[in-house]
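Chemist: Turn this into a model:
(one chain, ligands or ions: 1)
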Amino acid sequence: MDSLSKRVQAVTPSVTLAVTNQAKALIAQGEEVYGLAGGEPEMDTPNHIKAAAITALQDGKTKYTPAAGIPELREAIAKKLLTENQIEVETKGVCVTSGGKQACFNAILAVVEEGDEVIIPSPYWVSYPEMVRLAGGVPVMIETSAANGWKITAEQFEEAMTPATKMIILNSPGNPTGTIYTEDELKAIGEIASYEDIIIMSDEIYEKLVYGDKKHVSIASISEELSQLSVVVGGFSKAYSMTGWRLGYTATANAAIAQALSKIQGHTTSNATTFAQYGALAALEGPQDFIEDMRQEYDVRRQFVAGRLKSISNISFVEPEGAFYYFVDCTDMGLKSQNLCDKLLNRYKVAMVPGIAFGHDASVRLSYCTTLDVLAEGLSRFEEFCDSH
Ligand code: PLP
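Modeler: Numbers count the residues shown, from 1 in each chain. Model prediction:
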């Protein structure tokens, strides 16, 4: 349609939302659907966080805040980044956003110009390429493989670089693969980025969901130079089960980028919801045991899923190290991922996300952020489905 901008026409609608809608339509028809497609913790937000937001509402915290957020929350985020992640950012380097998603979009908008290339390791989170396109940039995917743990190497990064490269997007722990980059791997990638002053958007929204002996390291913590080149994206959705609150943040030591991020925020949403920000403050300042309990719970489910998937002969997978997804290679079934997921949903009532959404058409994404009962039944049905192909 002529009235639509070229930018918007270049964007593909979200496949993950489409799956959710299909599943909802079946549920509305009275079907029982085993939802293994979601991207949010199923537990409720802890009560002390809710209580803080309720108090804020009752105290009249119902007006605009500064665009980059209430000073107390920005300060608390800067302190958290220093103590937990060894990232040095000033309070003014933090901008509170309406979710990690807006944080990513702001970061991309702040640095990407028409025609700039943004390097994205593939499989990737569904929104990165579309955000780059909306900003007028060109997403450049680097293919990774299960054999390499779904990670790019510094050599691949170097090869993909052109004079138009402006940014690289890193997502560790990663969605959809659950991969985690080690400090050495980040150092090697960071070294390449430093040669050409490539901005690094480091999406660390799953930082708290790390399993076994793996450790989350932020590339921004590696050196002063890399902290200047990095925009860290974090949030409250996954760590504190606050997806509906729509709260995230960008953090950077780069003063010019920090200013740009606040400027974008000021002209788009003005500020993240005021009373919700007080909830986020309580999340950071209150007890943190919820996170560890949740992490342990997901680790149990992760191991449960591994056990069940291992007994299916015509699939393969790399055991995830973080987040709450399995990226399952279904090449042997010879189906396109959308077709596979449609059949799985319509015939077996199990919802998963087609890998094509993440740039990998031979795979499907299975989420284990649901109860063990749903996982058990969903996986039995998935096994039946695989056996019949
Ligand atoms: N980044 C990644 C990798 C995600 O998977 C998600 C949500 O699924 C987000 C960012 C956005 O999170 P939020 O709900 O805080 O906007």
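Chemist: For the nearest residue to Y211 once chain neighbours are set aside, give me the pLDDT.
Modeler: Spatial nearest neighbour of Y211, excluding adjacent residues (C-beta to C-beta, 6 or more residues apart in numbering): D299 at 5.0 Å. For glycine as for every other residue, the C-beta is placed from the backbone atoms N, C-alpha and C. For D299, the pLDDT comes out at 98.
Chemist: Which elements pack onto the host helix or strand of D299?
Modeler: Using DSSP states H and E, D299 sits in helix 289-310. The contact analysis (3 or more C-beta pairs under 8 Å, 6 or more residues apart in numbering; DSSP states H and E) places helix 289-310 against strand 325-329, helix 372-387.
Chemist: could you dump the ones you listed to a markdown table with distance to the ligand?
Modeler: Below are these laid out as a markdown table (distance: least, C-beta to the nearest ligand atom, whole Å):
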| stretch | distance to the ligand |
| --- | --- |
| strand 325-329 | 9 |
| helix 372-387 | 19 |
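Chemist: any idea which of the ones you listed is most buried?
Modeler: Among the helices and strands packed on helix 289-310, strand 325-329 has the highest mean neighbour count (mean count of other C-beta atoms under 10 Å), at a mean of 24.
Chemist: what angle separates it from helix 372-387?
Modeler: If you take axes from the mean of the first three to the mean of the last three C-alpha atoms, to 10 degrees, strand 325-329 sits at 10 degrees to helix 372-387.
Chemist: The stretch 151-300 of the chain: helices as residue ranges?
Modeler: Assigned by DSSP state H, counting those that start in this stretch, the helices in the stretch 151-300 of the chain fall at 154-160, 183-195, 224-229, 255-268, 274-285, 289-310.
Chemist: Which pLDDT value does the model give Y195?
Modeler: pLDDT recorded at Y195 is 94.
Chemist: The one 3 residues further on too?
Modeler: pLDDT recorded at I198 is 98.
Chemist: you'd agree it is up against T165?
Modeler: Yes: proximity of I198 to T165 meets the contact threshold set by C-beta atoms under 8 Å, at 5.9 Å.
Chemist: any common contacting residues for these two?
Modeler: Residues touching both I198 and T165 (C-beta atoms under 8 Å, 6 or more residues apart in numbering) are I119.
Chemist: Backbone dihedrals for the closest residue to the ligand within the stretch 201-350 of the chain, please?
Modeler: Relative to the ligand, the nearest point of the stretch 201-350 of the chain is S237 (3.5 Å; C-beta to the nearest ligand atom). When read as degrees, to the nearest 10, the backbone of S237 gives phi -60, psi -50.
Chemist: And the pLDDT for it?
Modeler: S237 is assigned a pLDDT of 97 by the prediction.
Chemist: Who's the closest spatial neighbour of T20, skipping the chain neighbours?
Modeler: Spatial nearest neighbour of T20, excluding adjacent residues (C-beta to C-beta, 6+ apart): A37 at 6.5 Å.
Chemist: Helix, strand or coil: sort out the one you found for me.
Modeler: When classified by DSSP: H, G, I helix; E, B strand; the rest coil, A37 comes out as coil.
Chemist: show me what contacts it?
Modeler: By C-beta under 8 Å, 6+ apart, the neighbours of A37 are T16, V19, T20, A23, A351, M352, V353, R365, S367.
Chemist: let's see 7 Å
Modeler: Contacts of A37 were listed using C-beta atoms under 7 Å, 6 or more residues apart in numbering, and they are V19, T20, A23, A351, M352, V353, S367.
Chemist: so which of those comes closest to Q58?
Modeler: Proximity of the contacts of A37 to Q58 (C-beta to C-beta) peaks at T20, which lies at 33.7 Å.
Chemist: quick revisit: ok and the helix holding D299 relative to helix 274-285, angle-wise?
Modeler: Angle between the axes of helix 289-310 and helix 274-285 is 80 degrees (criterion: the same axes, to 10 degrees).
Chemist: Please tell me how far the residue nearest to T20 sits from K238.
Modeler: 16 Å (C-beta to C-beta, to the nearest Å).
Chemist: Also D197?
Modeler: D197 sits at a distance of 31 Å from K238 (criterion: C-beta to C-beta).
Chemist: same question, K263
Modeler: K263 is 27 Å from K238, by C-beta to C-beta.
Chemist: What lies in contact with stretch 354-365?
Modeler: Contacts of stretch 354-365 (C-beta under 7 Å, 6+ apart): 15-16, 122-124, 126, 141, 176, 325, 327-331, 336-338, 340-341, 352-353.
Chemist: Narrow those residues to just the buried residues.
Modeler: 15-16, 122-124, 126, 141, 176, 325, 327-330, 337-338, 340-341, 352-353 (16 or more other C-beta atoms under 10 Å).
Chemist: Would you mind listing the residues in contact with the closest residue to A276 other than its chain neighbours?
Modeler: Excluding the flanking residues, the one nearest A276 by C-beta to C-beta, 6+ apart is W245, at 4.8 Å. Going by C-beta under 7 Å, 6+ apart, W245 touches F236, A276, G279.
Chemist: What of L379?
Modeler: L379 neighbours (C-beta under 7 Å, 6+ apart): V305, R308.
Chemist: The chain should start at 690 in everything you say after this.
Modeler: Sure thing, new numbering starts at 690, so read that last one as L1068.
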